[in-house]
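Student: sequence plus the predicted model coming up.
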Amino acid sequence: MTKKQINNILIWIGAIFLILLIMTPGLWVVITAFRPQVDIMAKPAVWIPRNLSFNQFETMLFGGSEGSMGRSPVPVLSYLRNSLIISIVSTSVAVFIGTLGGYAFARHEFKGKNSYFFLIMLTRAIPGISLSLPIFILFSKLGIIDTHFGIIIVFVALNVPFTIWLTDGFFRQIPRAMSEVAMTDGCTRLQAFWHIELPLSKSGIASAGIFAFLISWNEFALVSNLARSTDSKTLTVGLMDFTSQFTINWPGMCALAVFIIIPALILTFMVQKHLVSGLTFGGVKG
């Protein structure tokens, strides 16, 4: 065996070890969601459950059986509805605005263009949690605390800069000559954009949409300050409903965490082709 082969084997072993190390907390959450209560509280820890239990998911979704001690007061389905409404609407609006903004920066020249682009990107450098108090004060004066509308506005503001940046790179990779030829043949600027440039940039738009959706779906800090009731709480904020003054319902919390992870995984696998091409195409020179 050559030295190069030995180095490659060591690199693979190191990579597998790091992957397992990174995945361990997530795997522990998934395993805990299916553990019986005895295994969860056992000392030393039981890594491999003796029996698998779906009671936590049944209790979480259906409230358990009548008279059950595990009957869940957490309105998971209401939180799911809120998460879907907020994530889908905010992602759609952010992608729409960001795509038009990215196209404008990529295709048009106007005074102060670079300065405007820099200021928009600078907003992404501000930690979202640092804006919690100003947003709360502003929204409370506007009367939109604890509403879908207020949370959607925040997510649109968070996602538009990233969408502009990503789609701008995509539109720059599409030759201007393609739209110019279309306009020479009788298309308007809007028709050339809709029929030529937009279809060619679908991978970038899909990538921007995925990231915007995941940010909206997984955000906790900002939503926890703006959501106060079942009418606006999302699944991530609903995790706190499993805590009380003296105890934490670890099985229920882990079951809800798995419930949060599943849609994100399904979405990522569904559009992984667009995701990979979307993140790599912008760095390839045509």
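Tutor: Now that the structure is in, tell me what you want to look at.
Student: and A206, how far from T91?
Tutor: 11 Å (Cβ to Cβ, to the nearest Å). For the C-beta atoms, the positions are set from N, CA and C on the backbone; glycine is no exception.
Student: who's more crowded, the two?
Tutor: Regarding A206 and T91, a neighbour count based on other Cβ atoms under 10 Å identifies T91 as having more, with 25 against 18.
Student: show me what the helix or strand harbouring M60 is packed against.
Tutor: In the assignment (DSSP states H and E), M60 maps to helix 55-62. Under the contact definition 3 or more Cβ pairs under 8 Å, 6 or more residues apart in numbering; DSSP states H and E, helix 55-62 sits against helix 76-107, helix 250-270.
Student: format these as JSON lines; extra columns: mean pLDDT.
Tutor: Shown next, in JSON lines, are those (pLDDT from 0 to 100):
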{"stretch": "helix 76-107", "mean pLDDT": "91"}
{"stretch": "helix 250-270", "mean pLDDT": "83"}
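Student: please identify which of those helices is closest to K141.
Tutor: helix 76-107 (21.5 Å; Cβ to Cβ).
Student: what comes up buried for that closest one?
Tutor: Neighbour-count burial for helix 76-107, counted by 16 or more other Cβ atoms under 10 Å, picks out 76, 78-83, 86-87, 89-91, 93-95, 98-99, 101-107.
Student: for D231, which three-state class applies?
Tutor: Recorded secondary structure, D231: coil (DSSP: H, G, I helix; E, B strand; the rest coil).
Student: which strand or helix spans the nearest residue to it once chain neighbours are set aside?
Tutor: Distances taken as Cβ to Cβ, 6 or more residues apart in numbering place D146 nearest to D231, at 6.6 Å, with adjacent residues excluded. Here D146 sits in a region with no helix or strand, counting by DSSP H and E.
Student: tally of neighbours for D146?
Tutor: The local packing of D146 (other Cβ under 10 Å) involves 17 other residues.
Student: ok, now T32?
Tutor: T32, neighbours per other Cβ under 10 Å, totals 19.
Student: how about whichever strand or helix holds it: buried residues?
Tutor: Counting by DSSP H and E, the element that carries T32 is helix 3-33. Buried residues in helix 3-33, defined by neighbour count with 16+ other Cβ under 10 Å: 29, 31-33.
Student: show me what the helix or strand just after it is packed against.
Tutor: The C-terminal neighbour of helix 3-33 among helices and strands, as given by DSSP H and E, is helix 37-40. The contact analysis (3+ Cβ pairs under 8 Å, 6+ apart) places helix 37-40 against helix 250-270.
Student: now do the helix it packs on: distance to the chain's middle.
Tutor: Chain-centre distance of helix 250-270: 12 Å, with Cα atoms, centre = their mean, to the nearest Å.
Student: pull out the buried positions in it.
Tutor: 250-261, 263, 267.
Student: so which of those comes closest to T230?
Tutor: L256 (14.6 Å).
Student: for that closest one, give me its contacts.
Tutor: 60, 74, 76, 235, 238-239, 242 (Cβ atoms under 8 Å, 6 or more residues apart in numbering).
Student: how about a cut-off of 10 Å?
Tutor: 33, 56-57, 60-61, 72, 74, 76, 79-80, 235-236, 238-239, 241-242, 249 (Cβ atoms under 10 Å, 6 or more residues apart in numbering).
Student: repeat that for T99.
Tutor: T99 makes contact with 163-164, 166-168, 170-171, 193, 198, 201, 204-205, 208-209 under the criterion Cβ under 10 Å, 6+ apart.
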